[in-house]
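Visitor: no sequence on this one, just coordinates:
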């Protein structure tokens, strides 16, 4: 079940760099609020696939449910109840403000992952030795 896959790892590191750039330097009304949420689920998916040989759909659904759980914790203001003050890493990771557009962004990100993985599996793109289950 454990295996290191360099393609997914490099992709996750590139996405992490892009997320840091968006968080630090983008102060617009589209890319920062929506693009970051769209990309974070792709980042998590790639990071998991970097180390574990899990089926695409299982991994994608797990990441999506996790992101929904984090967003739901924002609705209930979990960071406030746990006493995390600004700025703190825990507060940044948990977030503090629920929005339905975040749910939509996560969903679109995971749908994109499944779409690209399906496209690759059908042989349309051969960047690496892709082994889906």
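Guide: Sure, I can see it. Worth saying up front: this structure is predicted, and the values here are computed from it rather than measured. Residues are numbered from 1 along each chain as shown.
Visitor: tell me which residues in the helix or strand of the chain with the lowest mean pLDDT are buried?
Guide: Lowest on mean pLDDT, DSSP states H and E among the helices and strands of the chain sits helix 89-94, with a mean of 81. Within helix 89-94, the residues that qualify as buried are 91, 94, counting by 16 or more other C-beta atoms under 10 Å. (Glycine included, C-beta is placed from N, CA and C.)
Visitor: ok, the spatially closest residue to residue 35 that is not a sequence neighbour to residue 66 distance?
Guide: Leaving aside its sequence neighbours, residue 35 sits nearest to residue 22 (C-beta to C-beta, 6 or more residues apart in numbering; 6.1 Å). Distance, residue 22 to residue 66, by C-beta to C-beta, to the nearest Å: 20 Å.
Visitor: any idea which residue sits dead centre in this protein?
Guide: Residue closest to the mean C-alpha point of the chain, counted by C-alpha atoms, centre = their mean, is residue 41 at 1.5 Å.
Visitor: Doesn't that residue belong to a helix?
Guide: Yes - using DSSP: H, G, I helix; E, B strand; the rest coil, the assignment for residue 41 is a helix.
Visitor: quick revisit: residues touching the residue nearest to residue 35, list them.
Guide: Residue 22 makes contact with 31, 32, 35, 36, 39, according to C-beta atoms under 8 Å, 6 or more residues apart in numbering.
Visitor: how about it, secondary structure?
Guide: helix.
Visitor: per-residue confidence for it?
Guide: What the model reports as pLDDT for residue 22 is 94.
Visitor: Would you enumerate the residues in contact with residue 15?
Guide: Here residue 15 is in contact with 39, 42, 43, 46 (criterion: C-beta under 8 Å, 6+ apart).
Visitor: right, and the third one touches residue 12 too?
Guide: Yes - contact status for residue 43 versus residue 12: in contact at 5.6 Å, counting by C-beta atoms under 8 Å.
Visitor: which ones are touching the residue nearest to the centre of the chain?
Guide: Counted by C-beta under 8 Å, 6+ apart, residue 41 has contacts 63, 64, 67, 106, 109, 110, 113.
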